[in-house]
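1. got a predicted structure plus its sequence, pasted below:
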Amino acid sequence: MGSNRTRGAEERRLFVVALVAACLVFGALGVTWGESIGLELQQTPTTTNGWLFIGWLVAGPPYLIGLVAYVERRRLAPRRRRELTVLVAAWIGLSMFIMPARVHSVDTQFGTAALVGDPLSAGWLWGTLGNVVALLFTIAVVVVLRTSVHGRPTPRQRELTARFLERAWLALLVVSLFFALYAPNSGPVHTGT
């Protein structure tokens, strides 16, 4: 049992280190090379909906994949857990490439490549909003579970709750993708198109 705790602590440490490194690398890339990278991306044959989807893809799925990997960690081989830990941390850190466009402005981040940066950051925002709603829903479900069960929830109750939350989170992400692609482009998620 001590080795499982040690392994869990090592995996958490690996996740934090990989997340911080990815955030720093992608944040620095976004701030220093955002316009250049955006101009290169502008030359690809991608539509506005494609950039909205890619922005959503950066912010939406990694948290759900991380949640599923955490719940299923006992079923994964140690090497697979480490690989998935680094992958999810890097994927979450990739948000730092796009996030400054929402904090400051698209023009500050992407400059003349705002044609790509605007829908990319709008899709990112929809993915983030989907995750925030899913997180709030998850907190509410866990609070209800803990207050409605006498004592501690059984392993079966915890497993059923985890499965329910995975499906609910996925449904909320699909709804956020729908809004990213089909909602009117106004207000905080204006894409300039």
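-> All right, it came through fine.

2. for the chain, what spans make up the strands?
-> Under the criterion DSSP state E, the chain carries no strands.

3. pLDDT below threshold where in the protein?
-> 1-4, 184-193 (pLDDT under 70).

4. tell me the contacts of the residue positioned nearest the centre of it?
-> Geometric centre of the chain, nearest residue: residue 59, 3.6 Å, by CA atoms, centre = their mean. Listed by CB atoms under 8 Å, 6 or more residues apart in numbering, the contact set of residue 59 reads 95, 98, 123-128, 131. The way it works is simple: take the backbone N, C-alpha and C, and place the C-beta from them, glycine included.

5. so what does the top helix by length along the chain touch, helix or strand wise?
-> The longest helix of the chain (DSSP state H) is helix 2-42. Where contact means 3 or more CB pairs under 8 Å, 6 or more residues apart in numbering; DSSP states H and E, helix 2-42 is packed against helix 78-93, helix 95-103, helix 106-110, helix 114-148.

6. distance to residue 33 and mean neighbour count for those - can I get that in TSV?
-> Shown next, in TSV, are these (distance: least, CB to CB, whole Å; neighbours: other CB atoms under 10 Å):
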stretch	distance to residue 33	mean neighbour count
helix 78-93	16	18
helix 95-103	9	20
helix 106-110	10	21
helix 114-148	12	19
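
7. and the residue lying closest to residue 42 once chain neighbours are set aside, how close does it get to residue 54?
-> Leaving out its chain neighbours, the residue that sits closest to residue 42 by CB to CB, 6 or more residues apart in numbering is residue 116, at 5.0 Å. Between residue 116 and residue 54 the distance is 9 Å, computed by CB to CB, to the nearest Å.
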